[in-house]
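K.L.:
return a 3D structure for these sequence lines:
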Amino acid sequence: MLRKIRIILAAVFFIAITVLFLDPAGVVYEWLGWTAKAQFLPAILSLNLLVIILTVIVTLVLGRVYCSVICPLGVFQDIVSNISGRRKGKKNRFTSSKEVAWLRYSVWVLFFLAVIFGVQAFVALIEPYSAFGRIVTSIKHPMLPTVIIAALTLVVIAFLAWKNGRTWCNTICPVGTLLSFFSRCAMFRPVIDTEKCKDCKTCEKRCKASCIDIASHKVDYNRCVACFDCIDNCKFDALHYEFAWGKGKKAETPAPAGDGKSNAGRRAFLTSSAIALGTAALKAQDLDAGKNDGGFAEILPKVSHDRTELLTPFGSKSVKDFYHRCTACQLCVSQCPNNVLKPSTDLMHFMQPYMTYEDGYCRPECTICSQVCPAGAIDPISKEEKTSFHIGVATVERNLCIVERDGVNCGNCSRHCPAEAITMVAKDPGDPASLLIPAVNEAKCIGCGACENLCPARPLSAIHVNGLAVHKQD
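P.N.:
Residues are numbered from 1 along each chain as shown. Below you'll find the predicted structure:
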């Protein structure tokens, strides 16, 4: 019964989060956005105390049910492992193994140092929710280099789950390691009744966390993810999920022997090989398809300007704060209806989103990214509040403007500016018949990018937006 309840809840969370990332209409976040905010690391970064406290309490009471129910990457591994176990002769394929402590805790220490010092590329690479988000988002928005990293992550995690169940969770995953500190003293745990146990090892062979040692009749609660597979498969009623706080002693986790080092080396070899092969197989390609004007003239695609400061979304306090909190889950990228948010290729902000206006602009009535961000990198704002924020300032490059270049009037930027920050002034004030050129009122400009996106100049717009390092609010 416990296993069935766990599977139902896991299915609900997994489907909800997957739909949230794949949502083609951008409307389900109002109903399913809470599943993203329930993720543990984003809750820590956004100081969501309710989620943090509830997760810790649940882990202290019930064990690592978070890893088996709420974490989408954990559930994904269970799905792959279950499919693998349905192969002929592979049903009881796991064996008890010792914890690879040196690798696990080294990764954990490096991860949280990266969080503290803002090395978000490393954080984004192994944080489970972000890794799953990139995998799913790459289906909806196949953009390099994210699709390369997502594909490699998918291959490595799926391979490990296919062969060894929860290897990733109990060796690499920093959230699993953090929660293991609480789960080792959980109030309710799977307990082996030594009087009923017949040493058949069925539970040990079905444990995807490899944390049951029948020889010593012990369960390593440090790695147990409370999936209840062992209880469901015990034929002698020798395993029970019961109140066990203060009873007995948890399985010891000594330093790994030679076989543990061998396994770790094999994983490192697999990962590096997958990265090398994937990088060699995928060639850079131009994702911007050329357009055609009525079938006669080709329209050049827009090219992004080199901005003096990056643009980050309305609701982020500053460029530094945004990138320090963002886990690169790319939920905002997936949900952005205007194609403004893209994953960065810059090594300093690798895979984290940035704003660019080649394919659209940030419409004043849209606040979706601020509503869905689970990490607190973007604060929730209303449509009324959005126009009071200033995230950048438009700059005119007169040599690119068609007024200068082609000698014709335009005014497209002025007509479409929602903040009325652009006015057309005489190119030659002393000439009544002078052509009109755009002038920007920096105090009014909010940095939405409508002017840059709708400027007819190609390939570079004659007007572009530079970000503000610290955002302003009226």
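
K.L.:
Ile172 belongs to a helix, doesn't it?
P.N.:
No. Ile172: not assigned to a helix; according to DSSP: H, G, I helix; E, B strand; the rest coil it is coil.

K.L.:
which SSE is Pro438 in?
P.N.:
Element membership of Pro438 [criterion: DSSP states H and E] is strand 436-440.

K.L.:
what helices or strands is that strand leaning on?
P.N.:
Helices and strands touching strand 436-440, by 3 or more Cβ pairs under 8 Å, 6 or more residues apart in numbering; DSSP states H and E, are strand 389-396, helix 402-406, strand 422-426. Backbone N, C-alpha and C define where each C-beta goes, glycine included.

K.L.:
repeat that with 7 Å
P.N.:
Under the contact definition 3 or more Cβ pairs under 7 Å, 6 or more residues apart in numbering; DSSP states H and E, strand 436-440 sits against strand 389-396, strand 422-426.

K.L.:
which of the ones you listed sits most buried?
P.N.:
Sort the helices and strands packed on strand 436-440 by mean neighbour count, taking mean count of other Cβ atoms under 10 Å, and strand 389-396 sits at the top with a mean of 22.

K.L.:
could I get the average pLDDT for stretch 174-192?
P.N.:
In this model, stretch 174-192 has an average pLDDT of 95.

K.L.:
which residues does that stretch contact?
P.N.:
Stretch 174-192 is contacted by residues 40-41, 56, 59-64, 66-67, 71, 104-105, 107-108, 111-112, 126-128, 169-170, 217, 219, 221-224, 230-231, 238-245, 250 when judged by Cβ atoms under 7 Å, 6 or more residues apart in numbering.

K.L.:
apply 6 Å and report the result again.
P.N.:
For stretch 174-192, contacts defined as Cβ atoms under 6 Å, 6 or more residues apart in numbering pick out 40-41, 56, 59-64, 67, 104, 108, 111, 128, 169, 217, 219, 221-222, 230, 239-245, 250.

K.L.:
name the nearest residue to Val123, sequence neighbours excluded.
P.N.:
Ala114 (5.0 Å; Cβ to Cβ, 6 or more residues apart in numbering).

K.L.:
which phi and psi values does that neighbour adopt?
P.N.:
The phi/psi pair for Ala114 (degrees, to the nearest 10) reads phi -60, psi -40.

K.L.:
low-scoring stretches of the chain, by residue?
P.N.:
Within the chain, the segments meeting pLDDT under 70 span 24-25, 246-299.

K.L.:
what sits against the nearest residue to Cys329 once chain neighbours are set aside?
P.N.:
Excluding the flanking residues, the one nearest Cys329 by Cβ to Cβ, 6+ apart is Gly133, at 3.7 Å. Counting by Cβ under 6 Å, 6+ apart, Gly133 touches Phe21, Cys329, Gln330, Leu331.

K.L.:
now the buried members of those.
P.N.:
With burial judged by 16 or more other Cβ atoms under 10 Å, the buried subset of these is Phe21, Cys329, Gln330, Leu331.

K.L.:
many thanks, have a good one.
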